[in-house]
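> just need the structure, nothing else, for what follows:
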Amino acid sequence: MCFCTSTISAENNDSEHFQRFRFAINGGYGQRVAHINGSGRSISFPDLPTHYHKETDRKSGFHLELGAAYFFMKNFGVGMKYNTVRHGEQVTVGFTRPPNPGTHGFPISETQHFWANFIAPTLNYRFFLTERILFAGDFAVGYFSGARIGYQSEVRVSTFAGSMSLGIDVRLSSRTILRGLGFQVSLMKGLPTEREFPFGGSWLSETINIQGVDFSVGLRF
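Numbering: from 1, shown residues only. Purely as a prediction, here's the structure:
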């Protein structure tokens, strides 16, 4: 969902008259993917060979984004954006001890909560395809933080990330409060981050790569 204050009018075709400020609230479907490559060694016996593991953690849910931009030229501007994702899901994390030999036991389920925040300054671009259709985009580099929290586990990540958003606004009317519709897709990629933590009788080291995609459909006023 996108609520923007920018407008498209015949004045925009004149380089001396254009909307300088743009405010937006975007909402829709978002997904964050963490690719985890890890290695571990025994704490009690550090000379033992290390072991490795790979994991792909996917979390999706509703995202909300706030953005503001000032256009110092007709097509170029600067601004800020804040994006957040919240999600909870029921997952299977393991199995109980089999009640009888030769059986697989019963699955253990828990509710995991996931959140991610991204805040960054933006470079904004827009291009008036026609009097009714506006192409808009921005590029941002800023701070990303996220966490996956379960009953018996917690993984937190903080890193720098970059994002790029592209969208189309279609003007429906210039005489009503509802000016038009907006469609947007955003891509994000974070720098790899490492963490070390004890686990049982081992010491684990993980490298986590974060990436994400958001899809927004909205209204423009």
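
> got a list of what the residue lying closest to residue 30 once chain neighbours are set aside touches?
For residue 30, the nearest residue in space outside its immediate sequence neighbours is residue 63; the separation is 3.3 Å by Cβ to Cβ, 6 or more residues apart in numbering. All C-beta atoms are positioned from the backbone trio N, CA, C, and that covers glycine. For residue 63, the set of contacting residues under the criterion of Cβ atoms under 8 Å, 6 or more residues apart in numbering consists of 26-30, 83-85, 214.

> ok, so of those, who is nearest residue 37?
Sorting the contacts of residue 63 by how near they are to residue 37, with Cβ to Cβ, puts residue 85 at the top with 23.0 Å.

> after the helix or strand hosting the closest one, which helix or strand is next?
Using DSSP states H and E, the secondary-structure element containing residue 85 is strand 76-95. Per DSSP H and E, strand 76-95 leads on to strand 107-128 as the next helix or strand towards the C-terminus.

> please enumerate the strands of this protein.
For the chain, applying DSSP state E gives strands covering 2-4, 21-42, 51-71, 76-95, 107-128, 133-149, 154-171, 180-190, 193-199, 202-220.

> below-threshold pLDDT in this protein: ranges please.
Low-confidence regions of the chain, defined by pLDDT under 70, span residues 1-17, 40-53, 88-111, 151-153, 174, 176-179, 197-203, 221.

> how close does the nearest residue in space to residue 155 that is not next to it in sequence get to residue 113?
Closest residue in space to residue 155, ignoring its immediate chain neighbours: residue 148 at 4.7 Å, by Cβ to Cβ, 6+ apart. Counting by Cβ to Cβ, to the nearest Å, the gap between residue 148 and residue 113 amounts to 8 Å.

> for residue 74, same thing?
Separation of residue 74 from residue 113 (Cβ to Cβ): 44 Å.

> same check on residue 207?
As for residue 207, its distance to residue 113 is 23 Å (criterion: Cβ to Cβ).

> same question, residue 64
The spacing between residue 64 and residue 113, counted by Cβ to Cβ, is 16 Å.

> so the residue nearest to residue 155 bridges to which residues?
Partner residues in beta bridges with residue 148: residue 114, residue 155, with DSSP bridges as the criterion.

> looking at it, it is touching residue 59, isn't it?
Yes. Taking contact to mean Cβ atoms under 8 Å, the distance of 6.8 Å between residue 148 and residue 59 places them in contact.

> shared neighbours, these two?
Residues touching both residue 148 and residue 59 (Cβ under 8 Å, 6+ apart): 34, 114.

> buried sites along stretch 139-159?
Within stretch 139-159, the residues that count as buried by 16 or more other Cβ atoms under 10 Å are 140, 142, 144, 146, 148, 155, 157, 159.

> of all the residues you listed, which comes closest to residue 181?
Closest approach to residue 181 among those (Cβ to Cβ): residue 140, at 23.4 Å.

> who does the closest one form a beta bridge with?
With DSSP bridges as the criterion, the beta-bridge partners of residue 140 are residue 122, residue 163.

> so it makes contact with residue 160?
No. No contact is recorded between residue 140 and residue 160 when judged using Cβ under 8 Å, the distance being 10.9 Å.

> please name the residues that touch residue 66.
When the contact criterion is Cβ under 8 Å, 6+ apart, the partners of residue 66 are 24-26, 81-82.

> return the closest of the residues you listed with respect to residue 124.
Looking across these and measuring by Cβ to Cβ, the closest to residue 124 is residue 81, at 9.5 Å.
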